[in-house]
Structure formats: structure tokens, C-alpha cells
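Colleague: Fold the following for me, if possible:
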Amino acid sequence: MKNIKMLPQLPFGKKYVFLFHNHVFVMKKISPIGKAKRANIYYSFYTPMSDLLSYPAINPVITLVIPLFNAERYLIETLNSVKFQSYREWQCIIIDDGSTDHSIDLTQEYIANDKRFLLIKRKDRTLKKGANSCRNLGLKQTVTNWVMFLDADDLLEEDCLKNRMLAIESNLSNDMYVFKTAFIDNDKNIKGTFSNPDPNIEDIIYRLLKHQVPWHTMSPVWRKDFLQKTGGWNEDYERLQDIELNLRAVLQKPAIYFATGDYDSFYRFLPMSDEKKKAARFGFCRILKDYYHPLLGNDWISEEYKIKLQESFQQLIERQLINYINNVTGRDLPWEELYMETLNMLNLEVEEIDAVQRLFNKMA
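Modeller: Numbering: from 1, shown residues only. Now for the predicted structure:
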């Protein structure tokens, strides 16, 4: 069997596909033994230059946008979960943000015979780096009415796009279509799911603000013109960008469809690096600064929910300060400056603001 080229596990759902001596073999899914919850992820075999696995250019109906930066470890799994969708009428736009590992080489080899994939290598370094900038570039390149976003380590079930498009075609009047996503560990054990909330917009805002994330970045399919109307992704946010986008979107009171079926996609839940934790601190402060007055001053949010939102803002302010004092070594002066700007914007008492500044000074 030395002629079989093996790749990491993939979410094929119902079958194995592999190439042996220039023949494609298909093996049906075998039911797992035991009661442990695991994603339907199996081994696949793939020869990148095989004509048997090539696809011509088509007229796509939905676009998938993937920002890419140094993602060689999981990239092929993600691309395979897109390539082998039972629904074929898609385009996948991959935007590289200056990868320095083998991500570009892997991508170019992988997509060589499949015109549904498009790789864009960002060359204009005057533009802001980051996943949001890449997503916005992909959104500008999108020619379909429907668009969704994946990260380079996310996974889709085999029938994900088919079922999503069936739901969309049966409910064409919506601006967003939210489907169910599970999160998995590195061994692909399902650790939980993002639960679709009550369709009450006020409740969605409340959950987003409390960081009780109701859906993942890849969970929604967006109507492209609605997403463009919201302004796309906020490139000032390195973390919590999905929270910010969804807050901005739901404040426009969109028509949202919530799927009731099983989960169709998998988010890989991995430990956060120190760099990502730092970016999250900035993200929480920006959420406070950007949405405190717009939410509490909104004329259609009920007084009941404004009280709940006010309490959530207060908890967020306190939690960020406690987390910073207890978990950060040394001082992060740019974050402290942003936090103090946020406190001033919230119109707190001068004595309270001065007390926080004295607390920061003691950390020196």
C-alpha cells in the first residue's frame, strides 16, 4: 500500500475516498464503537496532481472566505472538508496574509486542479494586516449572493453546504442564516456546541455582550449585500471580531433564520497564546468603548434589557481589571491607556478613575 498518500483525519461524514494505482476507491462510514462523542472525522487519501480529483470552473452560488497565516498544521484538513462537499457550486477564496511557513506552497499544490479555489497573496503592505482585513478583501472579491467565513483550522461536515443552501432556498427573505457548530479538541472529541439563541434580538445582544457566544464565525451564511451594508469586518479588532460584527449586525434588526438540525461544522478549540490573550484584552475594552452608549441609548431596546446590559458592562469593566492585575506580568501601557480612555468615556467618578490609575502605578 505504499502508493497511497495519507493525510490527517477529515470530516467526510459518510465515506472514505482514496487513490490507489490511479483508481479512486470509496469506503462507507463505519459506525463508531462506544458512547464517546466524536466528530465524524476519518482518514482520507489524496494525490494532489491527479486528474481524477480535478474540477473545472463553475458558476458558484455561495462563497467561502478563508484568511490564511502560517496554518500549515491544519490547512489541508480544512481544504479537504471544503473540496469534498456534496454540494459543488461554491467558490473558496483563500487570502494569505504573508505566511512564512509552508502554507502557500501547500495551498498552491492543493488547488492546482480545482478552479473553484482562488488564492490571493496580499502584496500591499500599506494595508492593515490581520484576519479581518483578509476577510474584507475576500468579501470584495465575492461574486455570489451568499458568503460565509472559515478559519484555516475549521472543518465542515460533508453535507454542510448542501443543507445550508436548501435552508436558504426555502427561506430567501432573510439577511443571516445561522447554523449549528460544535467545538472539538485536538483529538477531535466534541467538547460542546454553540447553541442558537432565542430569536429575540435583545437576548442575542445580551449574550454577545456577556461573551456567551451564541454562534461561531463559520456558523452564519450572510446575504452579501447586508454584510456590506454593515461595513464588513472591523479591522481594528484582532480578537472578538465576531462579537463586534454580530453586535453591529443585530443592531440593524436583521431577519435571521436559525437552523434546528444537528451541527454541521467544527471549531477547533485550542489553548490561547499570550499574544491572543493580549489581543482579547484590547478587544473587550474596545467593545466597552464602542458599544456602551449605542446600546444603552438605543430607542428600541427595552428598559428591562438596558438594565441587564448595564450590569453586563459593569461586570466586564471589573473583570478586565481583575484579570489584568492578576495575570499580567509587568505593565501593558497601551492597554492601560485604552482602559483609562474607556473609564473616562463611561463618565465614572473622578475618584474611581484616579483609584484605578494609582493601582496601575503600583504595578511598576
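
Colleague: ok, Leu106 - how many residues close by?
Modeller: 18 (other Cβ atoms under 10 Å). All C-beta spots, glycine's among them, are computed from the backbone N, C-alpha and C.

Colleague: Could you do Ile353 as well?
Modeller: 15.

Colleague: Correct me if wrong: it contacts Thr342.
Modeller: No. Between Ile353 and Thr342 there is no contact under Cβ atoms under 8 Å: 10.3 Å.

Colleague: residue ranges of the helices in the stretch 101-250 of the chain, please?
Modeller: 103-111, 131-141, 160-170, 201-209, 224-230, 241-250 (DSSP state H, counting those that start in this stretch).

Colleague: Helix 131-141 and the last one, what's the angle between them?
Modeller: Spelled out, it's helix 241-250. In terms of direction (axes from the mean of the first three to the mean of the last three Cα atoms, to 10 degrees), helix 241-250 departs from helix 131-141 by 50 degrees.

Colleague: I'd like to know which elements the helix or strand where Leu64 lies is packed against.
Modeller: Per DSSP states H and E: Leu64 is located in strand 62-68. Here strand 62-68 touches helix 75-83, strand 90-96, helix 103-111, helix 131-141, strand 146-149, helix 160-170, going by 3 or more Cβ pairs under 8 Å, 6 or more residues apart in numbering; DSSP states H and E.

Colleague: what mean pLDDT does the last one have?
Modeller: Pointing back at helix 160-170 there. For helix 160-170, the mean per-residue pLDDT is 96.

Colleague: and what of stretch 231-238?
Modeller: The average pLDDT within stretch 231-238 is 92.

Colleague: tell me which residues of that stretch are tucked away?
Modeller: Across stretch 231-238, burial judged by 16 or more other Cβ atoms under 10 Å covers 232-235, 237-238.

Colleague: which of these sit farthest apart?
Modeller: By the measure Cβ to Cβ, Gly232 and Glu238 form the most distant pair in the buried residues of stretch 231-238, at 15.7 Å.

Colleague: Could you identify the helix or strand that succeeds the biggest helix by length in the chain?
Modeller: Longest helix in the chain, counting residues (DSSP state H): helix 303-327. Where DSSP H and E defines the elements, the next helix or strand beyond helix 303-327 is helix 333-345.

Colleague: got a list of contacts for that following helix?
Modeller: 278, 281-282, 285-286, 288-289, 292-293, 317, 320-321, 324, 352-353, 356-357, 360 (Cβ atoms under 8 Å, 6 or more residues apart in numbering).

Colleague: tell me the contacts of the closest residue to Ala249 other than its chain neighbours?
Modeller: Nearest residue to Ala249, sequence neighbours excluded (Cβ to Cβ, 6 or more residues apart in numbering): Thr230, at 5.1 Å. Going by Cβ under 8 Å, 6+ apart, Thr230 touches 245, 248-249, 252.

Colleague: What is the nearest of those to Leu209?
Modeller: Comparing the contacts of Thr230 against Leu209 with Cβ to Cβ places Arg248 closest, at 12.7 Å.

Colleague: What's the local residue count around that closest one?
Modeller: Arg248 has 17 nearby residues by other Cβ under 10 Å.

Colleague: quick one: least confident helix or strand in the chain?
Modeller: Every helix and strand of the chain was ranked by mean pLDDT, DSSP states H and E. The lowest is strand 42-45, at a mean of 36.

Colleague: Geometric centre of the protein: which residue is closest?
Modeller: The geometric centre of the chain, computed from its C-alpha atoms, lies nearest to Thr217 (Cα atoms, centre = their mean), at 2.8 Å.

Colleague: Nearest spatial neighbour of that one, chain-adjacent residues omitted?
Modeller: Excluding the flanking residues, the one nearest Thr217 by Cβ to Cβ, 6+ apart is Asp242, at 4.8 Å.

Colleague: where does the chain dip in pLDDT?
Modeller: Low-confidence segments of the chain (pLDDT under 70): 1-57, 125-126, 196-197, 364.

Colleague: Return the distance of the closest residue to Arg122 other than its chain neighbours relative to Asp187.
Modeller: Nearest residue to Arg122, sequence neighbours excluded (Cβ to Cβ, 6+ apart): Asp97, at 5.8 Å. Going from Asp97 to Asp187 by Cβ to Cβ, to the nearest Å gives 28 Å.
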